Every structure is written in C-alpha cells, then in structure tokens.
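the following block contains a protein sequence and its predicted model.
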Amino acid sequence: MNNATPLSQLPPTPVTEARPLDKLQSMQAAIVVEVDAADEDAQRLKAMGICAGRRVQLVRVGDPLIVRVLGSRVGLSARLARCVSVEPCEVCGPRIVLQQPDPPVS
C-alpha cells in the first residue's frame with residue numbers, strides 16, 4: 001500500500017530566494033535555476049548533470065563539496081558551486097514520495 005501524500009494535498013512551497021549552491025545546508029535539496037559560468041565551466045557542469053531545472057542535493061559541505069545529482073554523487077569545487085544558483089525546496093526533498101496520478105477511467 002502506498003502511503004504517499006498526493007501532490008494536490010501538499011502545503012504550498014514558500015517562495016525562496018535563489019542562492020549559490022555552496023550556501024545550501026548539508027542534505028538540503030534544491031532546484032538549479034541558473035548556471036552563470038564561463039563556457040568551458042558551464043559545459044563541464046552540464047556534463048555532470050548540473051543544469052537549469054535539475055534537482056540537486058548538497059551531501060557534504062566543503063571544498064570540494066559533494067552534490068547528489070541524477071542518483072550519483074559528484075565532487076564540485078567551491079568556485080564552480082558559486083556559479084550555480086539554486087532555489088531550496090521542500091517538495092523535492094528526499095523524505096516526500098509523490099504519488100503517481102491515477103490512470104484515466106475508460
């Protein structure tokens with residue numbers, strides 16, 4: 001039996017300010033809103049899966065910091081992390097499982 005809370009019943013997510021990735025707290029999840037880096041660095045981040053719209057989670061603070069993205073952990077220098085703007089979110093955090101919508105009835 002799936003005890004997940006339907007998305008429609010979750011409380012609204014408070015509006016948050018974007019901040020650099022390196023300013024998240026350990027284990028905090030966020031959505032990437034912008035990557036403001038030189039072309040080579042932006043391509044490197046994209047190759048690691050860090051791009052606008054992607055969910056990330058800061059696993060370990062430091063230099064390098066560890067970020068979970070697409071199910072993998074990647075090491076990222078603090079310099080590169082400062083180029084990534086994120087919006088922290090609660091709904092995309094690890095503790096909430098979203099329920100899939102019921103299929104349409106024919």
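Yes, it's here.

using CSV, list the CA coordinates for the longest helix belonging to the chain.
Counting by DSSP state H, the longest helix found in the chain is helix 39-47. Provided in CSV are the C-alpha atoms of helix 39-47 (Å, rounded to 0.1, in the frame of the first residue of the first chain):
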residue,chain,number,x,y,z
ASP,A,39,31.5,28.4,-21.4
GLU,A,40,34.0,25.7,-20.5
ASP,A,41,32.9,25.6,-16.9
ALA,A,42,29.2,25.6,-17.9
GLN,A,43,29.8,22.7,-20.3
ARG,A,44,31.7,20.8,-17.5
LEU,A,45,28.8,21.3,-15.1
LYS,A,46,26.2,20.2,-17.7
ALA,A,47,28.3,17.1,-18.4
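
just give the number of residues close to residue 84.
28 (other Cβ atoms under 10 Å). Placement of C-beta: from N, CA and C, glycine included.

and it, backbone torsions?
phi -110, psi 120 (degrees, to the nearest 10).

returning to what we had before: ok, residues contacting the longest helix of the chain?
With Cβ atoms under 8 Å, 6 or more residues apart in numbering as the test, helix 39-47 has contacts from 35, 37, 51, 80, 83-84.

could you give the mean pLDDT of it?
What helix 39-47 shows for mean pLDDT is 93.

give me the buried stretch members for it, please.
Of the residues in helix 39-47, 41-42, 45 count as buried by neighbour count, 16 or more other Cβ atoms under 10 Å.

before we move on, the earlier item: check the contacts of helix 39-47 and tell me the two furthest apart.
51 and 80 (13.0 Å; Cβ to Cβ).

all good on my end, thank you.
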